[in-house]
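> fold the following for me, if possible:
(one chain, ligands or ions: 1)
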Amino acid sequence: MEKQKRFFLTEKEIPTEWYNIVADMKNKPLPMINPQTKQPITVEEMTGLFNRACSEQELNQTDAWIEIPEEVRDLYKSYRSTPLVRAYGLEKALDTPAHIYFKNESVSPVGSHKLNSALAQAYYCKKEGVTNITTETGAGQWGAALSYAAKAFGLELAVFMVKVSYNQKPYRRSIMQTFGAQVIASPSMSTKAGRKIITDAPNYQGSLGTAISEAVELAMQTPNCKYVLGSVLNHVTLHQTVIGLEAEKQMAMAGEYPDMVIACFGGGSNFGGLSFPFMRHNLLDGKKTEFIAAEPSSCPKLTRGVFQYDFGDEAGYTPMIPMFTLGHNFAPAHIHAGGLRYHGAGSIVSQLIKDGMMHGEDIPQLESFQAAELFARTEGIIPAPESAHAIAATIRAAKQCREAGQSKTILFNLSGHGLIDMTAYDQYLAGDLTNYVLPDEVIKENVSTLEKLV
Ligand SMILES: *Cc1c(COP(=O)(O)O)cnc(C)c1O
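So this is what the prediction gives:
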C-alpha cells in the first residue's frame, strides 16, 4: 500500500468550536485570586484588564464547547487545517518501530501556533470597541502573531519585547514593525515597572514576567486599551485546542490514535492546545494516552517547581495563579528557546499534573538542538528551538520503543519553525551552546518570598 505522508481537512471540516477541558475535569483548578481582597477573581475584575469575552471564557467551568466566531474561522481558513505529517524520515533515522506523527503549526503565516489565539483575542477586542492593545513577547513569536492579528482587525498594538530576544532576534522585531506594531525593548524606561527594574539592575536582560508587568501597566493607563496575553491563561489554551481537534480527525484519517502526545511547554498553550482534545478521551472514555510536556532544564517549573499561588508577572500586577512555579522573580539563564522561559505552569496544567493526568520532562539545551538537527536533516524543516524540546522528548520515547521492541504511536506538536532563529543554530553549530541546570537553591530562594495561600 502506498504510504500517505500528510493529512489535511477541508475548510468545512475545520472545527467550529473550541474545547474547554475544565468542564470535564473532576477536580477543577483552584481559583485565581485577587491579591488585594484574597477572594477569587470575578469576570468583572478581569474585564479591567482583558476583553469581556475572554474574561468569561477564562472563568467558564461548565461549557465544554465554545463556538469559534465566524470572523475568526474565516481567518483560520487562510492557513488551517495545518497538516498532520507522518515523520517517516525521522522514524527511519531512529530505526524505531514507533509511528511518529507531528502536527505542523509552523505553516501559519507568522510561523507558529500563536496566531490561533491572537486572531481570536483581537477579534473580541475589536467587537467590544477596544482601539488599542498591549502585550509582551519573549522570542517574538507571540508579538509577530498579534501584530498581524491586530492589523487584521484594525487595532493599534504596543509590544514589550524581552530585551535579550530584542537583541538576539532583530528580525522578529522587523516582522512586528512590518505588520505595523510598535515594539519596545523590556525592561524599558516607559513604565514604572520597567524604570524600577532598570534602576535596580541596569544590565538586566529582561524576562517575560517583567515584560508582562510593563504591558499591563500601559494598558491600565491608556483609555480604551486592553491587555492581551499569549499563553498561560485558560482562554488562550482554549483557542489553541483547534490544533488538537483537527489532529484528532487527521489521526483518524491515518487510521491511528496516539499512545503518547508530546508538546513543548512555555506557558502551556501549544501543549494544552494539542493535548486537551485527546485528554478528553482519557477523562471520559477510559483511554490511556500518555501526555508529556517538554520543558528546558534551565526553566523546569513542571518537574522541579513548587505548587503555590504566584503572580503571572514580575511586578505583581496580575491575579495570583495557583500553579507550579519557579517564583515570579525568576530570572532565566540566556537560553535560546525564549518562548519556554516563563516561570509558571498555569492553573489547568498544574491541576492535571497533581491528578497524574500528564507529566513534565526536562530537556538539556544541547539535546534539544541535537534533536532539531536530526529532525531538520530527516524531515526538511528547521524547527523553532522551543519545538525542538518536543522533538527531543519524542526521540527519547522512540528510542525506548526500539529498545523494548514495542511499537507506539507518538504525536507531537511542531509549534513553530526556526527560520528566524538561525543565530541560535549558528551558536550550536559553532559549539558555543552549553547546558544549564537551574540549581535547587535558586528555586528555593525565589519561592520562599511567595505568600503562602495553599
Ligand atoms: C511561544 C511558543 C512556545 C511556548 O508557548 P506555549 O504557550 O507553551 O505554547 C512554543 N513554541 C513556539 C514556536 C512558540 O512560539
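> and the residue of the stretch 51-200 of the chain found nearest the ligand, what pLDDT?
Taking C-beta to the nearest ligand atom, the ligand has its nearest neighbour within the stretch 51-200 of the chain at Q141, 3.0 Å off. Placement of C-beta: from N, CA and C, glycine included. For Q141, the pLDDT comes out at 93.
> that one against L115, yeah?
No. Here Q141 does not reach L115: they are 9.3 Å apart, not a contact under C-beta atoms under 8 Å.
> what about the two, which has more around it?
Between Q141 and L115, counting by other C-beta atoms under 10 Å, Q141 is the more crowded of the two (32 against 27).
> what's near enough to touch that one?
V110, G111, S112, K114, R172, G339, A384, E386, G416 (C-beta atoms under 8 Å, 6 or more residues apart in numbering).
> so where's this structure uncertain?
Scanning the chain for pLDDT under 70 picks out 1, 332, 334.
> at 80 what do you get?
1-2, 314, 331-339, 453-454 (pLDDT under 80).
> tell me which parts of it are close to the ligand?
112, 114, 141-142, 231, 264-271, 339-340, 384, 386-387, 415-416 (C-beta under 6 Å from any ligand atom).
> centroid residue for the chain?
Geometric centre of the chain, nearest residue: S269, 3.7 Å, by C-alpha atoms, centre = their mean.
> my read: it touches S117, true?
Yes. Assessed by C-beta under 8 Å, S269 is found in contact with S117 at 6.6 Å.
> common neighbours of the two, please.
By C-beta under 8 Å, 6+ apart, the residues touching both S269 and S117 are G230, V236, Q240.
> so which of these wins on neighbours?
Q240 (31 neighbours).
> ok, now which ones touch that one?
Counting by C-beta under 8 Å, 6+ apart, the residues that Q240 touches are H113, N116, S117, S269, N270, G272, G273, L274.
> now the fifth one: which helix or strand?
Secondary structure assigned from DSSP states H and E places N270 in helix 269-285.
> quick one: buried residues of that helix?
Under the neighbour-count criterion of 16 or more other C-beta atoms under 10 Å, helix 269-285 has 269-280, 282-283 buried.
> which one of those residues sits closest to K77?
Of all the buried residues of helix 269-285, G273 has the smallest distance to K77: 18.0 Å, by C-beta to C-beta.
> quick check: the closest one touching N116?
Yes. In this structure, G273 is within contact of N116 by C-beta under 8 Å, at 7.0 Å.
> what do those two both touch?
With C-beta under 8 Å, 6+ apart as the test, G273 and N116 both reach H239, Q240, V242, I243.
> compare these and tell me which has the most neighbours.
For those, the largest number of neighbours (other C-beta under 10 Å) sits with Q240, at 31 neighbours.
> pretty sure S78 sits in a helix.
No. S78: not assigned to a helix; according to DSSP: H, G, I helix; E, B strand; the rest coil it is coil.
> show the contacting residues for T82.
Here T82 is in contact with K103, N104, E105, V107, S108, I243, E246 (criterion: C-beta under 8 Å, 6+ apart).
> mind checking which of those residues are in strands?
K103, N104 (DSSP state E).
> just the buried ones among the contacts of T82, please.
Applying 16+ other C-beta under 10 Å to the contacts of T82 flags K103, N104, E105, V107, S108, I243, E246 as buried.
> residue contacts, the closest residue to I382 other than its chain neighbours?
Excluding its sequence neighbours, the residue lying closest to I382 (C-beta to C-beta, 6 or more residues apart in numbering) is G418, at 4.5 Å. Contacts for G418 were tallied using C-beta under 8 Å, 6+ apart; they are A372, I382, P383, A384, P385, S387, A388, A424, Y425.
> now for the third one: which residues touch it?
With contacts defined as C-beta under 8 Å, 6+ apart, the neighbours of P383 are S106, A372, F375, A376, I391, L414, G416, H417, G418.
> what do you get for the last one?
By C-beta under 8 Å, 6+ apart, Y425 lies in contact with F369, A372, I382, G418.
> list the beta-bridge partners for H417.
Beta-bridge partners for H417, by DSSP bridges, are P383.
> rewinding a little: closest to G209 among the shared contacts of G273 and N116?
The closest of those, once distances to G209 are taken by C-beta to C-beta, is Q240, at 21.3 Å.
> so the helix or strand that contains the closest one versus helix 269-285, what angle?
Per DSSP H and E, Q240 falls inside helix 234-253. Angle between the axes of helix 234-253 and helix 269-285 is 70 degrees (criterion: axes from the mean of the first three to the mean of the last three C-alpha atoms, to 10 degrees).
> pull out the buried positions in helix 234-253.
Buried-residue list, helix 234-253, by 16+ other C-beta under 10 Å: 234-251.
> helices of the stretch 1-150 of the chain, residue ranges please.
For the stretch 1-150 of the chain, the helices defined by DSSP state H, counting those that start in this stretch cover 43-46, 52-59, 70-76, 88-94, 115-127, 141-152.
> quick one: the last one to chain centroid distance?
Right, the one you point to is helix 141-152. Distance, stretch centre to chain centre, for helix 141-152: 15 Å (C-alpha atoms, centre = their mean, to the nearest Å).
> which residues touch whichever residue of the stretch 301-450 of the chain sits closest to the ligand?
Relative to the ligand, the nearest point of the stretch 301-450 of the chain is G416 (2.6 Å; C-beta to the nearest ligand atom). Neighbour list for G416: E105, S106, G111, S112, H113, K114, Q141, G339, P383, A384, E386, S387 [criterion: C-beta under 8 Å, 6+ apart].
> now render the residues you listed as a markdown table, adding distance to Y257.
What follows is the contacts of G416, written out as a markdown table (distance: C-beta to C-beta, whole Å):
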| residue | distance to Y257 |
| --- | --- |
| E105 | 20 |
| S106 | 24 |
| G111 | 29 |
| S112 | 26 |
| H113 | 22 |
| K114 | 27 |
| Q141 | 30 |
| G339 | 29 |
| P383 | 24 |
| A384 | 27 |
| E386 | 26 |
| S387 | 23 |
